[in-house]
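Trainee: Give the three-dimensional model of this entry:
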Amino acid sequence: MLAATRAVVLGSFNPLKLGTDLIAYWDARRLDLMTLGAGKAVSSWNDIVAGYAATQGTGSSQPIYSATSFGGDPGVAFDGIDDNLTATAAGLLAALPGAAAPSEIWLLMQQDALVADASTRHFVNYGSTNSNTARSVARTGFTGANRGEGLTGSGAATSAVTDATVNLSTRHVLRWEIAAAASRLTVDGDAPASVSVVPSTTVSRLRLGANAAASAANFAQGQISVALVTNPLSASKAAALQSWLLARRRV
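Mentor: Numbers count the residues shown, from 1 in each chain. Have a look, this model is predicted:
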């Protein structure tokens, strides 16, 4: 029954149906949009919207592609040490909402850090080298468990909110909504957690698997199956995207 439901959901929607609300979209199923080297190391991963490339020229810092690692589905694995991909295409930087303009970051991921790991590990981050002017979806350790975390810079500081409900071990869907006066994090469609913050985002790069600092840090440990940046979504579009991502979660 679950397999049949998943097939219906996956067959009736894909993120391209979001139209102009879809800004950027990386999907591990699109092997044709990746450049792989030895050991299936990913040196370039193009998004589906306009071919925006997230790249890594250093071999030891390239994440690893697998056709089956994400619960039998394709995934791109980041080692938590130095793996990351960076996108700086002028078209992407112009398209990503900056200053106080609203946006959303969606992520289908697998989180592999141990509970004892107190690090904040960024999976999708866009902004500038200053963390106070960035937007990010991350993992953190909180109350003895892995938790989802969203971060929004106000220009002077970074405001973060941690989901205290869902244990972020294994595979999950995260939605980080950045609005004019507050940001909200939703994990697996559960009740959102919010923080009051007026965003002040300077856009100079998007990074998968680490923060946006000049020298990448706070590296993700786990896998990305799907990463998207969108404009604010209507309730119906958000529900459709969330259902589609949850159906691909494979748990």
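Trainee: All the strands of the stretch 51-200 of the chain, residue numbers only.
Mentor: 53-55, 64-70, 73-79, 85-87, 103-111, 121-127, 135-142, 145-153, 158-162, 170-178, 182-187, 193-196 (DSSP state E, counting those that start in this stretch).
Trainee: in what helix or strand does residue 206 lie?
Mentor: strand 205-208 (DSSP states H and E).
Trainee: What of residue 227?
Mentor: Element membership for residue 227 (DSSP H and E) is strand 221-230.
Trainee: Now do that strand, average pLDDT.
Mentor: Averaging pLDDT along strand 221-230 yields 98.
Trainee: Equivalent analysis for stretch 137-151, please.
Mentor: Rounded mean pLDDT across stretch 137-151 is 94.
Trainee: in that stretch, what counts as buried?
Mentor: Buried residues in stretch 137-151, counted by 16 or more other C-beta atoms under 10 Å: 137, 138, 139, 140, 141, 142, 146, 147, 148, 149, 150, 151. For every residue, glycine as well, the C-beta is placed using N, CA and C.
Trainee: Export those residues to TSV and append columns for distance to residue 223.
Mentor: Listed next are the buried residues of stretch 137-151 as TSV, based on distance: C-beta to C-beta, whole Å:
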residue	distance to residue 223
137	14
138	15
139	12
140	18
141	19
142	21
146	14
147	18
148	15
149	18
150	19
151	20
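Trainee: quick one on the thing from earlier: roughly how far out does whatever helix or strand comes next after the strand holding residue 227 sit from the chain middle?
Mentor: Once strand 221-230 ends, the next helix or strand along the chain (criterion: DSSP H and E) is helix 235-248. How far helix 235-248 lies from its chain's middle: 15 Å, per C-alpha atoms, centre = their mean, to the nearest Å.
Trainee: Helix 235-248 packs against which elements?
Mentor: helix 2-12, strand 103-111, strand 170-178, strand 221-230 (3 or more C-beta pairs under 8 Å, 6 or more residues apart in numbering; DSSP states H and E).
Trainee: avg pLDDT for the first one?
Mentor: What it means is helix 2-12. Rounded to a whole number, the mean pLDDT of helix 2-12 is 47.
Trainee: downstream neighbour of that helix in the secondary structure list?
Mentor: Using DSSP H and E, the first helix or strand after helix 2-12 is strand 22-27.
Trainee: What are the contacting residues of the helix or strand following that following strand?
Mentor: Next helix or strand after strand 22-27 toward the C-terminus (DSSP H and E): strand 34-36. Strand 34-36 has contacts (C-beta atoms under 8 Å, 6 or more residues apart in numbering) with 42, 43, 44, 45, 46, 65.
Trainee: For the fourth one, which three-state class applies?
Mentor: Right, residue 45. Secondary structure, DSSP: H, G, I helix; E, B strand; the rest coil: residue 45 is strand.
Trainee: repeat for the first one
Mentor: Reducing the assignment at residue 42 to three states with three-state DSSP gives strand.
Trainee: That one: neighbour count?
Mentor: 24 (other C-beta atoms under 10 Å).
Trainee: what's the distance between it and residue 189?
Mentor: 29 Å (C-beta to C-beta, to the nearest Å).
Trainee: Format the strands of the stretch 51-200 of the chain as JSON lines; extra columns: distance to residue 250.
Mentor: Below are these laid out as JSON lines (distance: least, C-beta to C-beta, whole Å):
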{"stretch": "strand 53-55", "distance to residue 250": "23"}
{"stretch": "strand 64-70", "distance to residue 250": "7"}
{"stretch": "strand 73-79", "distance to residue 250": "6"}
{"stretch": "strand 85-87", "distance to residue 250": "23"}
{"stretch": "strand 103-111", "distance to residue 250": "10"}
{"stretch": "strand 121-127", "distance to residue 250": "18"}
{"stretch": "strand 135-142", "distance to residue 250": "19"}
{"stretch": "strand 145-153", "distance to residue 250": "18"}
{"stretch": "strand 158-162", "distance to residue 250": "25"}
{"stretch": "strand 170-178", "distance to residue 250": "7"}
{"stretch": "strand 182-187", "distance to residue 250": "16"}
{"stretch": "strand 193-196", "distance to residue 250": "25"}
